[in-house]
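In: Sequence unavailable; structure follows:
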């Protein structure tokens with residue numbers, strides 16, 4: 001009877017050991033498969049980025065259809081633009097945080113060099129605003145369009161290129 005119990009214990013230990021080995025193997029294979037799945041597509045991304053860079057270098061950032069190519073980069077204006085605007089009932093204080101969208105690292109570097117000129121252009125654009133207009137989304141879109149025109153005009157005068165594709169408001173406070 002004692003021999004039968006000893007054989008059962010050894011059989012139980014072997015089956016537990018086999019279960020542990022199987023679980024470890026499954027986890028290792030699952031982790032390896034997940035890593036391959038998550039990290040496997042990097043070569044395709046590098047190829048696409050290389051093609052975009054070649055297009056940007058070849059035709060000054062534009063394809064034959066006039067669509068801008070290249071990586072969109074964002075240049076943050078370091079300080080928010082703060083200004084007063086007149087309103088029908090009272091004047092208001094407005095603070096806008098601005099980022100500029102450019103295409104390519106060379107455009108990014110040029111825009112960073114001319115930040116003070118761009119801040120002046122933004123101040124000119126924002127000084128034409130009215131508090132009653134800024135309450136509406138259409139008014140914000142209009143001031144954003146006006147700011148883009150002013151920034152592009154300033155950069156064209158300073159560097160010879162417009163460089164900035166969009167003016168984005170990342171913070172907008174009106175009191």
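Out: Now that the structure is in, tell me what you want to look at. Quantities reported herein were computed from a predicted structural model and do not represent experimental measurements.

In: CA only for contacts and neighbour counts going forward, please
Out: Will do.

In: Give me the next element, helix or strand, following the stretch of helix or strand residue 125 belongs to.
Out: Using DSSP states H and E, the element containing residue 125 is helix 115-127. Following the chain from helix 115-127 toward its C-terminal end, the next helix or strand by DSSP H and E is helix 131-134.

In: Mean confidence (pLDDT) on the helix holding residue 125, please.
Out: Regarding helix 115-127, the rounded mean pLDDT is 91.

In: Strands of the chain, residue ranges please.
Out: Here the chain has its strands, by DSSP state E, at 72-76, 81-85, 92-103, 164-174.

In: quick one: contacts of the longest one?
Out: By CA atoms under 8 Å, 6 or more residues apart in numbering, the list of residues contacting strand 92-103 from outside reads 61, 68-77, 79-86, 108, 131, 163-175.

In: Domain ranges for the chain, per the record?
Out: What the record gives for the chain is the domain set 2-40, 71-174, from automatic domain parsing.

In: which of those is buried the deepest?
Out: Ranked by mean neighbour count, those are led by domain 71-174 with a mean of 16 (mean count of other CA atoms under 10 Å).

In: any low-confidence regions in this structure?
Out: Low-confidence segments of the chain, defined by pLDDT under 70, are located at 1-12, 32-69.

In: 90 - rerun?
Out: Along the chain, the model assigns pLDDT under 90 to residues 1-71, 85-91, 104-106, 127-135, 158-163, 175.

In: I'd like to know how far residue 123 sits from residue 153.
Out: When distances are taken as CA to CA, to the nearest Å, residue 123 and residue 153 turn out to be 14 Å apart.

In: could you say what helices and strands the helix holding residue 125 packs with?
Out: Of the remaining helices and strands, those touching helix 115-127 by 3 or more CA pairs under 8 Å, 6 or more residues apart in numbering; DSSP states H and E are strand 81-85, helix 137-159.
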